[in-house]
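Asker: my questions concern the predicted model and sequence given below.
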Amino acid sequence: EGKGKKRNPLHDFKKTGELMLIKVNRTLEVKTKLLNTTEQCAKRCSRNKGLSFSCKAFAYDRVTKRCHWLSFNSLTNGVRKKQDHAFDLYEKKDYVRNCIIGKGADYKGTISVTKSGIQCQAWNSMIPHEH
């Protein structure tokens, strides 16, 4: 890659077109703001800039150019999906990925059993194996 090229912040997100997430659980947080591009939304979500929560996803309203940063994603309990032609949903890949990259130190997914169905060892446990 050439020098001076900036990495596109959208590479860290999985896009689902025409979908919005609705929170059923009232403790889940959302913040919205007018922004011109999805790249601006992604950058702010990745950095958690100006957010009182850890951003796991954002929905971009193409009609009003409004970004909705979410403290949850489509796998979170207390959330339902809603088809909406105005929105595109972008979820952080780290939170929806079902595989481990490298040694798994940064894994934030939901898989906790091995391929053969055995419960995974907790990270804070040294039994039955040392890390």
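Answerer: Everything's here; your move.

Asker: please export the C-alpha coordinates of stretch 122-131 as CSV.
Answerer: The C-alpha coordinates for stretch 122-131 follow below in CSV (Å, rounded to 0.1, in the frame of the first residue of the first chain):
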residue,chain,number,x,y,z
ALA,A,122,-12.1,-19.6,31.4
TRP,A,123,-9.3,-17.1,30.7
ASN,A,124,-8.8,-16.5,34.4
SER,A,125,-8.4,-20.2,35.1
MET,A,126,-5.1,-22.2,34.9
ILE,A,127,-7.0,-25.5,35.3
PRO,A,128,-6.8,-27.9,33.4
HIS,A,129,-4.2,-26.1,31.3
GLU,A,130,-1.8,-23.2,31.8
HIS,A,131,-2.1,-20.4,29.2
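
Asker: show residues contacting that stretch.
Answerer: Stretch 122-131 is contacted by residues Gln121 when judged by C-beta atoms under 8 Å, 6 or more residues apart in numbering. For glycine as for every other residue, the C-beta is placed from the backbone atoms N, C-alpha and C.

Asker: same question, stretch 40-55
Answerer: The contact list for stretch 40-55, computed with C-beta under 8 Å, 6+ apart, reads 9-10, 12-13, 29, 31, 35, 57-58, 60, 67, 69-71, 90, 92.

Asker: which residues touch stretch 84-100?
Answerer: With C-beta under 8 Å, 6+ apart as the contact definition, stretch 84-100 has outside contacts at 10, 12-21, 38, 41-42, 45-46, 55-64, 73-75, 106-111.

Asker: switch to 7 Å and redo it
Answerer: Residues outside stretch 84-100 that contact it (C-beta atoms under 7 Å, 6 or more residues apart in numbering) are 10, 12-21, 38, 42, 56-63, 73-75, 106-109, 111.

Asker: in the protein, which helix is the longest?
Answerer: Selection of the longest helix in the chain by residue count, based on DSSP state H, yields helix 38-47.

Asker: could you pull out the buried residues of that one?
Answerer: Burial within helix 38-47, assessed by neighbour count using 16 or more other C-beta atoms under 10 Å, is assigned to Thr38, Cys41, Ala42, Lys43, Arg44, Cys45.
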